[in-house]
Each structure stands twice: as structure tokens, then as C-alpha cells.
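1. Predicted model follows, preceded by the sequence.
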Amino acid sequence: DVKVTQSSRYLVKRTGEKVFLECVQDMDHENMFWYRQDPGLGLRLIYFSYDVKMKEKGDIPEGYSVSREKKERFSLILESASTNQTSMYLCASIHATGGTDTQYFGPGTRLTVL
Amino acid sequence: AQSVTQLDSQVPVFEEAPVELRCNYSSSVSVYLFWYVQYPNQGLQLLLKYLSGSTLVKGINGFEAEFNKSQTSFHLRKPSVHISDTAEYFCAVTRGDNFNKFYFGSGTKLNVKP
């Protein structure tokens, strides 16, 4: 079974803090994604990476950055957390064949910024 | 631009009744279509996908969906629901020429009542 794990299920941070969300997959997938999930808005793509050290902006990259130093690990960074970044964050991975394959999701990290 | 519309944000239904969750998409090119399910406090998991071939696709847990190109729809159906089907369901689309971009609908919460 593919496993996508995220470092925390719940996280509470203060405004202005630097926040790291970690995601690890164990199936040698080339592509990894960070989504943000908000009620009524579905999933919105923040960033994705198609190879080590490669990244592309998604639909809502403002206020976020990412890091992919190893193939299995994809980190989302909030440089200075703000209250409007309170949300559920989902990591996903898929083989490079993309749409014909299955995208696997982690359990999510619910981030609250006070 | 790509968009995915799930018109129903919530669908209440009694156990053993049939259900249909609606999904419409807009695209000027060919697409791949997906339905994902999210149980409470979990990540998303794939229910079924349409890539090509037969327009009726069968998935896990007794769900099926029909691709209708002329109506640009991919509605999800189940003839008899169970309490355990209570979850949020997301329709997603990716284009054949851009495997890395998944577009998600806003989600439909299915509430199965006893």
C-alpha cells in the first residue's frame, strides 16, 4: 500500500511564526503536491513538485514556499503565518504518468493560526 | 480555464435509498475524471476514475459514475446507500496534456440517515 504521511495531524501556531509542514511518501513517486482544503472551496493547489529541487506554483502560492531536497519528502513552509492561513493542508503524491495513475493523499494537517 | 462544479453542497438521504451526486466540468480539451471520498478526519481516497473507453465506470463500495461528454458531466451514483457512506465526495478533473494539474470541485457532503 502506498503511504503518504504528514508530520502532524493538528498544529497550533501564532501569527508571525515560521511553520513547517512535512510530507513523506514511500512509493518512489516523482510528483508531489500540497493542497489547501477549506469548506465550500474544495481543494486548491498551493505548489507541486515533479522532481527533486523542482517546483511549480499552483493556484494559491502567496504566503507559502516549498522544499524538495529528497524524492520522498516535500515540505510546505509558511514564512510568517497569518490567521487567514488557518486551514486543512493535504499532501498528495503520484507517479510521473500523472492523470492515468492514482493520486494518493496523506491524512491532512489541520493548522490553526492564532 | 478548467472548472469543476458540484452543485449540491449537501445531500441528505435515508439508508438503502439511491443517491446521485452531480459533477459538471468545463474543458475545451479531453479530460480524465475522478471521484474521491473523504471520511471524517481522513485524507482523500480514490473511488473511481474515467480515462477512456466505456462511459460507465464502476468503483469501490458499490459506486459507479457515467461520463457524458455532450453534457460535460460525470455524476456519481449508488443504488442503495449505507450509513458508512456518510462522507464528503469530491469530483476532480485533469487534462490529458497536463497530468500535473488536478482541478477539484467544492465537494458534496453525503449524510445517510437511518
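-> Received the coordinates, thanks.
2. How much space separates the spatially most central residue of chain B from residue A:50?
-> A centroid search over chain B (Cα atoms, centre = their mean) returns residue B:35, at 3.5 Å, as the residue closest to the centre. Counting by Cβ to Cβ, to the nearest Å, the separation of residue B:35 from residue A:50 is 25 Å. In this view, the C-beta of every residue, glycine as well, is placed from N, C-alpha and C.
3. Next: residue A:82.
-> The separation that residue A:82 has from residue A:50, given Cβ to Cβ, amounts to 28 Å.
4. still on that earlier bit, list the contacts of the residue nearest to the centre of chain B.
-> With Cβ atoms under 8 Å, 6 or more residues apart in numbering or on different chains as the criterion, the residues that contact residue B:35 are B:21, B:23, B:46-49, B:59, B:63, B:65, B:74, B:76, B:89-92.
5. quick one: it from residue A:25, how far?
-> Counting by Cβ to Cβ, the gap between residue B:35 and residue A:25 amounts to 22 Å.
6. What about residue A:52, how many residues nearby?
-> 13 (other Cβ atoms under 10 Å in any protein chain shown).
7. Quick check: it touching residue A:70?
-> Yes - counting by Cβ atoms under 8 Å, residue A:52 touches residue A:70, with 6.6 Å between them.
8. So for residue A:82 and residue A:50, which sits in the more crowded spot?
-> Neighbour totals were compared for residue A:82 and residue A:50, and residue A:50 leads with 17 against 12 (other Cβ under 10 Å).
9. so how far is chain B from that one?
-> Taking Cβ to the nearest Cβ, to the nearest Å as the measure, residue A:50 and chain B are separated by 6 Å.
10. Over to residue A:74?
-> As defined by Cβ to the nearest Cβ, residue A:74 lies at a distance of 13 Å from chain B.
11. what residues are up against that residue?
-> Applying Cβ under 8 Å, 6+ apart, we find residue A:74 in contact with A:23, A:25, A:32-34, A:49, A:66-68, A:91, A:93.
12. Just the pLDDT for the residue of chain A positioned farthest from its centre.
-> Relative to the C-alpha centroid of chain A, counting by Cα atoms, centre = their mean, residue A:100 is the outermost residue, at 21.2 Å. The predicted local confidence for residue A:100 comes out at a pLDDT of 71.
13. So which residues on chain B come close to chain A?
-> Taking Cβ under 8 Å from any Cβ of the partner chain as the measure of proximity, chain B contacts chain A at B:4, B:6, B:9, B:32, B:34, B:36, B:41-46, B:49, B:51, B:90, B:92, B:94-96, B:99-102, B:104-107.
14. out of the contacts of residue B:35, who's nearest chain A?
-> Distance from chain A was checked for each of the contacts of residue B:35 by Cβ to the nearest Cβ. The minimum falls on residue B:46, at 5.1 Å.
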